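Visitor: One predicted model, sequence on top.
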Amino acid sequence: MPSRLFSLIALLCLAAPLQAQQEKPDRFQIFGGYSFLSNSLNGVPGSQHPLNGWDTSVAFSQWHNLRFKIDVAGYRGTNAGTPQNTYSILGGAQFSKRIGRETIFADGLAGDGGANLHWPGPSLTGQTVSFVSFLGGGLDTRISRRIAFRVDGGYQYSYFALNTKALVPYRVPGLPVNFGRISTGLMFKF
């Protein structure tokens with residue numbers, strides 16, 4: 001009898017700390033940091049320069065490890081003497097799985113992208129709006145209970161073309177539509 005009583009007391013004493021270690025899922029995740037795009041919009045073969053910029057996102061409450069996510073990114077650079085200013089506004093799903101201190105996740109996003117009017121060259125005009133999609137994933141490494149360091153990347157598709165006098169977009173062979181994207185920064189949980 002004393003050994004059973006001792007076991008019961010020990011179990012009750014250990015149950016409280018074990019329950020306290022289980023955290024409630026965070027309602028919001030806010031990310032902000034540096035981003036790298038593998039090519040510029042007018043990066044035809046022989047003239048390919050990456051663009052640097054920023055990336056920020058908000059992910060909402062999870063349901064079965066699935067969150068709705070809004071992602072906004074902007075890039076600046078120069079290629080072939082022409083300024084490249086582009087941005088994207090995307091929305092979609094993020095699936096995440098926690099493994100110890102790390103959380104791995106996968107993203108599927110789609111939305112609109114924009115660019116400056118003269119991105120093809122000084123005397124040419126290009127489309128300023130395009131469909132953009134992003135498929136990727138990443139890793140969050142926990143720094144504290146509310147802060148994590150995030151690294152993510154993936155494949156981005158966008159389709160910008162030249163404007164013509166006939167108001168029909170003209171696709172120059174070799175203009176990139178497939179991009180690689182890498183972002184890193186801090187993610188805050190609320």
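Guide: Nice, thanks for sending it over.
Visitor: Going along the chain, name the strands of the chain.
Guide: With strands called from DSSP state E, the chain shows them at 29-37, 51-59, 66-79, 82-99, 102-115, 129-142, 147-158, 178-189.
Visitor: and of those, who's closest to Pro122?
Guide: Go through those one by one with C-beta to C-beta and the one that ends up closest to Pro122 is strand 82-99, at 6.4 Å. In this view, the C-beta of every residue, glycine as well, is placed from N, C-alpha and C.
Visitor: The closest one: which residues count as buried?
Guide: Residues of strand 82-99 classed as buried by neighbour count (16 or more other C-beta atoms under 10 Å): 82, 84-88, 90, 92, 94, 96.
Visitor: and which of those residues is nearest Leu51?
Guide: Distance ranking of the buried residues of strand 82-99 against Leu51, using C-beta to C-beta, places Gln84 first at 5.9 Å.
Visitor: Against Ser47, how distant is the closest one?
Guide: Gln84 sits 12 Å away from Ser47, taking C-beta to C-beta, to the nearest Å as the criterion.
Visitor: mind showing which ranges of the protein have poor pLDDT?
Guide: For the chain, residues meeting the criterion pLDDT under 70 lie at 1-23, 165-169.
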